[in-house]
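Q: just the structure for this:
(chains A and B)
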Protein chains: 2
Amino acid sequence: MTDTISGLWAAAATPVAPDGSIDHAALADHAQRLIARGCDGLVLFGTSGEGPSFSIAQRLEATEAVLRSGVPAGKLALGTGCPAVVDTIAMTRASLGLGITRAMILPPFYFAGAPDEGIEDAFAEVIDGVADDRLSACLYHIPQVSGVGVPAAVLGRLRTRYGATVSGVKDSTGDFDSFLAFRREAPDAAVLVGAEVLIAKALAQGGAGTICGMANLVPGLVRRMFDGPEAEPDMQEACAQIDGIPMMKAVLAAMTEEPVWRRVRPPLRAADEAAARRAAEVLSQLEG
Amino acid sequence: MTDTISGLWAAAATPVAPDGSIDHAALADHAQRLIARGCDGLVLFGTSGEGPSFSIAQRLEATEAVLRSGVPAGKLALGTGCPAVVDTIAMTRASLGLGITRAMILPPFYFAGAPDEGIEDAFAEVIDGVADDRLSACLYHIPQVSGVGVPAAVLGRLRTRYGATVSGVKDSTGDFDSFLAFRREAPDAAVLVGAEVLIAKALAQGGAGTICGMANLVPGLVRRMFDGPEAEPDMQEACAQIDGIPMMKAVLAAMTEEPVWRRVRPPLRAADEAAARRAAEVLSQLEG
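A: This is a model prediction of the structure:
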């Protein structure tokens, strides 16, 4: 029995306190706000959440704080993929221990050029190591950032081996052909897109929805993408305002008037505040 | 007061037990063997050591076992760079707590395309966070694997900011122009090459030596590279036998007749045993 990520999930940003730790209260507020504004759930500590920039302990403690604030475990998923499989297993098991069954799992991302079979070995070792039927593993394909991707054939083989435990994949390439390859290789898995402009097109081809960063800023506009392609031009204009995670966070700071959101962890650098204020105005108009 | 890595250091391979953990006894034996065969020291848990494939706790426990076996802390350096700066600080501090002052530090390697200033921020935060004058930080540049490199200008700026605490860089690109750029930007830092065939050429241009994987197999041949370019054809032939870390480990298994060395951690996959035996014969002849 597994819970698949589907519909509109936010790739939640992570608020950074002055000392570099996670601001638990701001994260919990943000989670509640996103759910109130129509998100089906949130993935904490993906790329938009700068997940790999925080230790496993930091990520788990912040997650506990979000749960304590009243956000249901069923509306959360955690990014748990680490370079060491043993760490991925530990974090995924800890996540299940908190009642969170959905994990978005990067392949081990140190070795660029790792062979497909080795990437499959890694995911298999994670699933075997977690050894919990409740696990719903959404593999995470974002090679342009992580350097190591999830080959479509690997998703297909793992789905065959593990059934619904491998619930799907998040494809963050922004390449529709990549989405189609995942659909072809694993027709009964949930294929989610990260690129907001592809949502309507992907849904029409059997896509399961999105996990996306723009949901932090304009969840209403993201939701309109589920109604059909009419919202695509607005979404294109919205995305053109955001040239990366620092700008996304700076715009969130401008929109919420909570400066904590502008801070990022190295190796990222905070975006320009004035530019973010201008972008926030454009986005607020598009959100309506 | 810092200790610079210079001369001939091995990028030590890591023996993997059947359960995926580190075989402490085999690692300690290997460390002693490499020192007996003329290595000036060993870096544990670099790329050849599959460092990012092990948890911080696994790496530190294995290091303690190597120290307990009698290898002096002054002949060891640890790869301590993690995607999260907070983890890099913790592991580097723990390493210093074991008396090991030399660290080979990757930049945070998740975010491909991280800005140069952000990479500088990350290293600065590590050095400030470790806050120990004994630290000798050798930055680790291997962008073709890690996806995120150390720009030469960043080395230069950090050397200016932190003096000898930033003792140098290991350049694993195999690109001599990259080596020269590091020399130019930080003339008083120790620039080490990873590519064995470049050792003589680099020494002639003020290079500090090497940290290299071939030292696991043919430390005598690597040493001959310090005497001049005459050994280059032999080294080229030796390197042509080894097409990656799995083959390096399989050859080590063949040479030592210790099968534990053939095992690798996902996402790598073990190399062919018969091919490794043939390569081992060629290398043994070249080592002489």
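Q: and the helices in the stretch 151-288 of chain A?
A: A:152-162, A:176-185, A:199-204, A:219-224, A:232-240, A:245-256, A:273-287 (DSSP state H, counting those that start in this stretch).
Q: just those: most buried one?
A: helix A:245-256 (a mean of 23; mean count of other CB atoms under 10 Å in any protein chain shown). (Each C-beta comes from the backbone N, C-alpha and C, glycine too.)
Q: that helix vs helix A:273-287, what angle?
A: Angle, helix A:245-256 to helix A:273-287, by axes from the mean of the first three to the mean of the last three CA atoms, to 10 degrees: 70 degrees.
Q: what's the average pLDDT for helix A:245-256?
A: Average pLDDT, helix A:245-256: 98.
Q: who are the packing partners of that helix?
A: Applying 3 or more CB pairs under 8 Å, 6 or more residues apart in numbering or on different chains; DSSP states H and E, one finds that helix A:245-256 contacts helix A:273-287.
Q: so the helix it packs on versus helix A:232-240, what angle?
A: Counting by the same axes, to 10 degrees, helix A:273-287 lies at 160 degrees to helix A:232-240.
Q: how near is A:Ile199 to chain B?
A: Look at A:Ile199 and chain B: by CB to the nearest CB, to the nearest Å, they are 24 Å apart.
Q: adding distance to A:Ala65, write the helices of the stretch 151-288 of chain A out as CSV.
A: Shown next, in CSV, are these (distance: least, CB to CB, whole Å):
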stretch, distance to A:Ala65
helix A:152-162, 31
helix A:176-185, 34
helix A:199-204, 30
helix A:219-224, 22
helix A:232-240, 30
helix A:245-256, 18
helix A:273-287, 26
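Q: A:Ser136: which of these is closest?
A: Set against A:Ser136 and scored by CB to CB, the helices of the stretch 151-288 of chain A come closest in helix A:152-162, at 10.8 Å.
Q: who does that closest one touch, helix- and strand-wise?
A: Going by 3+ CB pairs under 8 Å, 6+ apart, helix A:152-162 lies up against helix A:116-130, strand A:136-141, strand A:166-171, helix A:176-185.
Q: which outside residues touch that helix?
A: Residues outside helix A:152-162 that contact it (CB atoms under 8 Å, 6 or more residues apart in numbering or on different chains): A:116, A:119-120, A:123-124, A:127, A:137, A:139, A:166, A:169, A:178, A:181-182, A:184-186, A:188-189.
Q: can you count the residues close to A:Val86?
A: Using other CB atoms under 10 Å in any protein chain shown, A:Val86 has 19 other residues around it.
Q: in a helix, it, correct?
A: Yes: according to DSSP: H, G, I helix; E, B strand; the rest coil, A:Val86 belongs to a helix.
Q: residues contacting it?
A: A:129, B:20, B:54-55, B:58.
Q: can you lay out the residues you listed as CSV showing secondary structure?
A: Below are these laid out as CSV (three-state DSSP):
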residue, secondary structure
A:Gly129, helix
B:Gly20, coil
B:Phe54, coil
B:Ser55, coil
B:Gln58, helix
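Q: and the helices and strands packed on helix A:152-162, which is most packed in?
A: Of the helices and strands packed on helix A:152-162, strand A:166-171 is the most buried (mean count of other CB under 10 Å), at a mean of 29.
Q: starting at the chain centroid, how far to that one?
A: 11 Å (CA atoms, centre = their mean, to the nearest Å).
Q: what does stretch A:235-245 give?
A: That offset, for stretch A:235-245, works out to 17 Å (CA atoms, centre = their mean).
Q: for it, measure first residue to last.
A: 17 Å (CA to CA, to the nearest Å).
Q: same thing with stretch A:49-60?
A: Note: stretch A:49-60 ends 13 Å apart using CA to CA.
Q: give the buried residues for that stretch.
A: A:49-56, A:58-60 (16 or more other CB atoms under 10 Å in any protein chain shown).
Q: so A:Ile105 bridges to which residues?
A: A:Leu139 (DSSP bridges).
Q: ok, how many other residues are close to it?
A: A:Ile105, neighbours per other CB under 10 Å, totals 27.
Q: from what I see, it and A:Ile89 are in contact.
A: No: with contact defined as CB atoms under 8 Å, A:Ile105 and A:Ile89 do not form a contacting pair (10.3 Å).
Q: shared neighbours, the two?
A: In contact with both A:Ile105 and A:Ile89: A:Val126, using CB under 8 Å, 6+ apart.
Q: tell me the residues of the stretch 101-250 of chain A that contact chain B?
A: Selection of the stretch 101-250 of chain A residues close to chain B by CB under 8 Å from any CB of the partner chain yields A:107-115, A:117-119, A:121-122, A:125, A:144-148.
Q: can you flag the buried ones in the residues you listed?
A: A:107-112, A:114-115, A:118-119, A:121-122, A:125, A:145-148.
Q: contacting residues for A:Met225?
A: A:196-197, A:199-200, A:210, A:231-232, A:235.
Q: residue ranges with poor pLDDT in chain A?
A: Along chain A, the parts satisfying pLDDT under 70 run over A:1-2.
Q: can you rerun that using 90?
A: A:1-3 (pLDDT under 90).
Q: what distance do you get for the nearest residue to A:Ala12 once chain neighbours are set aside to A:Glu281?
A: Residue nearest to A:Ala12 in three dimensions, not counting chain neighbours: A:Leu42, with 4.5 Å by CB to CB, 6 or more residues apart in numbering or on different chains. According to CB to CB, to the nearest Å, A:Leu42 and A:Glu281 sit 25 Å apart.
Q: before we move on, what about A:Glu237?
A: 12 Å.
Q: check A:Ser48 too.
A: 21 Å.
Q: would you map the helices across the stretch 1-150 of chain A?
A: Using DSSP H, counting those that start in this stretch, helices in the stretch 1-150 of chain A cover A:24-36, A:56-68, A:85-97, A:116-130, A:143-146.
Q: show residues contacting the shortest one.
A: I take that to be helix A:143-146. Under CB under 8 Å, 6+ apart, the answer for helix A:143-146 is A:47, A:106-107, A:109, A:140, A:149, A:172-173, B:110-113, B:147.
Q: repeat the analysis, applying 6 Å as the threshold.
A: A:47, A:106, A:109, A:149, B:112 (CB atoms under 6 Å, 6 or more residues apart in numbering or on different chains).
Q: who wins for proximity to B:Thr80 among the helices and strands packed on helix A:152-162?
A: So among the helices and strands packed on helix A:152-162, helix A:116-130 is nearest, using CB to CB, at 22.4 Å.
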